[in-house]
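Asks: Let me see the structure of the following:
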Amino acid sequence: MSLTTDELPRLASPSNIAELSELMARAHAEHRTVTVFGGGTAFDDHPPVSTPVLLIDLTSIAEAADPRGGTIRAGTGSRISALTRFAAQSDLELLGDLPADRIEAGATLGGMIATAATGPRSLRRPRLAETVESVTVVGADGTIARTSHGLHRDLGGRDLPGLVTGSWGTRAIIAEAEIRLTERPAAQGFVWIPGTEAAADLLIARRAPDAVVIERPPGSLAATVVLIEGETDEVEAEVGHLVDRNPGATPCGEPEWWGRRARLAATIGVSVVPSFIPRLIDAVARLETTIGYPLQLRGSATGTFELGIGAPESEPGVATRVALEHLRSFGLHVIAARLIHAPAPVWNEVDAWGPQPGRSGLREIKKLVDPRGILAPGRGIAGI
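Replies: Take a look at the predicted model:
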């Protein structure tokens with residue numbers, strides 16, 4: 001079809017950046033709202049966007065260049081699983097760690113960056129956002145930009161990858177990105193430790209683990225699972241050291257839930273100061289008894305957790321609201337809680353975000369890059 005003369009479609013699948021730019025220029029000129037998607041693995045992980053006039057499938061923009069200089073450049077629609085296989089041919093892997101369940105479900109590079117996705121291996125690895133070397137984006141008016149100044153002249157001092165990472169497609173559309181790679185570890189070792197008392201000490205251990213994850217299944221006691229990566233002899237020695245130093249510790253295989261998000265009927269993202277973790281676990285146990293629904297807590301010993309709420313389909317809003325209010329009662333100085341996954345109606349039934357310092361700054365950026373508000377309206381942080 002001719003994008004210049006034909007009527008703007010409801011669903012489009014551009015095959016390159018130029019076609020994406022042309023679509024956006026048309027949508028901007030006609031004041032049409034736009035939402036983009038890749039693998040669709042995070043549709044329920046943010047407020048549902050208003051029904052867009054134009055829905056753009058980015059999975060056809062998926063060309064990837066050979067890894068070189070420790071990086072790989074690929075189109076926004078490239079599947080993470082495909083990039084992982086591609087990098088593995090050079091005995092490399094993505095430096096940033098990502099959720100295993102989303103990778104298996106077909107998550108794309110652009111989607112992972114736009115949602116600031118992260119996995120459990122964040123102690124010795126940077127988050128994905130910090131591994132993005134450069135991006136090419138298409139602005140709300142169709143502008144193709146490779147710098148923040150190219151996106152808007154008043155953003156010249158801003159870092160473009162940082163501007164669009166975690167923006168949920170509300171500031172610009174990520175069309176291409178270059179991300180860092182790293183050598184694949186020769187071996188991995190897991191250690192299961194009962195309770196959570198050892199977690200804090202592990203964060204400052206002589207050899208920091210690659211991940212320290214706390215898992216509290218519904219109705220069960222919490223435990224700590226540690227991941228060690230590296231050369232085979234190094235991993236074996238460190239696993240033995242952890243077993244010897246921690247009562248009840250035992251080597252284990254990779255847990256089936258490893259790297260997967262806590263997804264029940266609804267999920268709350270919880271950030272706490274590490275010293276508050278024991279109180280958080282106690283609070284979850286009491287809350288589970290009070291509301292009568294199973295609660296699953298999973299996250300890093302650094303203080304970033306997901307709380308899955310196993311409420312029945314008829315009452316997820318009630319259980320979610322009670323959990324949010326209880327967690328926030330401890331105060332923002334020790335804990336922050338916001339809804340990150342729920343059925344569409346629940347977002348309107350609860351205070352999903354809670355206090356959001358810096359909200360005015362987010363609005364100012366949105367007005368600069370998308371003054372007509374056509375990009376994923378209501379989808380971003382705090383609905384901006």
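
Asks: hey, let's count contacts and neighbours off CA atoms from now on
Replies: Noted.

Asks: now residue 20: how far from residue 261?
Replies: Per Cα to Cα, to the nearest Å, residue 20 is found 32 Å from residue 261.

Asks: ok, now residue 61?
Replies: Distance from residue 61 to residue 261, by Cα to Cα: 27 Å.

Asks: how about residue 53, what does it touch?
Replies: By Cα atoms under 8 Å, 6 or more residues apart in numbering, the residues touching residue 53 are 10, 32-34.

Asks: ok, which stretches of the stretch 201-350 of the chain are helices?
Replies: Applying DSSP state H, counting those that start in this stretch to the stretch 201-350 of the chain gives helices spanning 232-245, 277-291, 316-328.

Asks: For the nearest residue to residue 116 once chain neighbours are set aside, the count of nearby residues, please.
Replies: In space, and not counting its chain neighbours, residue 116 is closest to residue 166: 4.4 Å by Cα to Cα, 6 or more residues apart in numbering. Residue 166: 20 surrounding residues under other Cα atoms under 10 Å.

Asks: what's near enough to touch residue 166?
Replies: Going by Cα under 8 Å, 6+ apart, residue 166 touches 113-117.

Asks: And the pLDDT at it?
Replies: As predicted, residue 166 sits at a pLDDT of 92.

Asks: which SS state does it fall under?
Replies: Per DSSP: H, G, I helix; E, B strand; the rest coil, the secondary structure class of residue 166 is coil.

Asks: how much space is there between it and residue 362?
Replies: As judged by Cα to Cα, residue 166 and residue 362 stand 12 Å apart.

Asks: One more: residue 345?
Replies: Residue 345 is 25 Å from residue 362, where distance means Cα to Cα.

Asks: swap in residue 187?
Replies: Note on residue 187: its distance to residue 362, by Cα to Cα, is 42 Å.

Asks: ok, now which ones touch the spatially most central residue of the chain?
Replies: Centroid-nearest residue in the chain, with Cα atoms, centre = their mean: residue 117, separated by 2.0 Å. Contact analysis of residue 117 by Cα under 8 Å, 6+ apart lists 98-99, 128, 166.

Asks: Looking at the helices of the stretch 201-350 of the chain, which is nearest to residue 151?
Replies: Proximity to residue 151, assessed across the helices of the stretch 201-350 of the chain by Cα to Cα, is greatest for helix 316-328 (36.9 Å).

Asks: Name the residues that touch the closest one?
Replies: 265-266, 268, 283, 287, 291, 293, 309-311, 335-339, 342, 345-346, 349-351.

Asks: Equivalent analysis for stretch 89-100, please.
Replies: The contact list for stretch 89-100 (Cα under 8 Å, 6+ apart) reads 67, 84, 87, 112, 117-122, 125-131, 179-184, 258-261.

Asks: Any of these buried? List them.
Replies: 67, 87, 112, 117-122, 125, 127-131, 179-181, 184, 258-261 (16 or more other Cα atoms under 10 Å).

Asks: Filter those down to the ones in helices?
Replies: Within these, residues falling in helices by DSSP state H are 87, 112, 128-131.

Asks: Export those residues to a markdown table and append columns for distance to residue 217 and pLDDT.
Replies: Below are those laid out as a markdown table (distance: Cα to Cα, whole Å; pLDDT from 0 to 100):
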| residue | distance to residue 217 | pLDDT |
| --- | --- | --- |
| 87 | 34 | 95 |
| 112 | 26 | 97 |
| 128 | 27 | 88 |
| 129 | 29 | 85 |
| 130 | 31 | 91 |
| 131 | 32 | 95 |
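
Asks: Among those, pick out the one closest to residue 14, please.
Replies: Proximity of those to residue 14 was ranked by Cα to Cα; the top entry is residue 112 with 19.4 Å.

Asks: where does the closest one sit relative to residue 180, distance-wise?
Replies: Applying Cα to Cα, the value for residue 112 to residue 180 is 14 Å.

Asks: and the closest residue to residue 168 other than its chain neighbours, what does it touch?
Replies: Leaving out its chain neighbours, the residue that sits closest to residue 168 by Cα to Cα, 6+ apart is residue 114, at 4.9 Å. Contact analysis of residue 114 by Cα under 8 Å, 6+ apart lists 164-169, 174.

Asks: unless I'm mixing things up, residue 312 is touching residue 291, no?
Replies: No: using Cα atoms under 8 Å, residue 312 is not in contact with residue 291, being 11.8 Å away.

Asks: Name the nearest residue to residue 224, sequence neighbours excluded.
Replies: In space, and not counting its chain neighbours, residue 224 is closest to residue 214: 4.6 Å by Cα to Cα, 6+ apart.

Asks: swap that for residue 138, please
Replies: Using Cα to Cα, 6+ apart, the closest residue to residue 138 is residue 144 (4.6 Å).

Asks: Surely that neighbour is in contact with residue 135?
Replies: No: in terms of Cα under 8 Å, residue 144 does not count as a neighbour of residue 135; the distance is 10.6 Å.

Asks: Just give me the neighbour total for residue 48.
Replies: Residue 48 has 20 nearby residues by other Cα under 10 Å.

Asks: measure it to residue 378 for me?
Replies: Remark: distance between residue 48 and residue 378 (Cα to Cα) = 8 Å.
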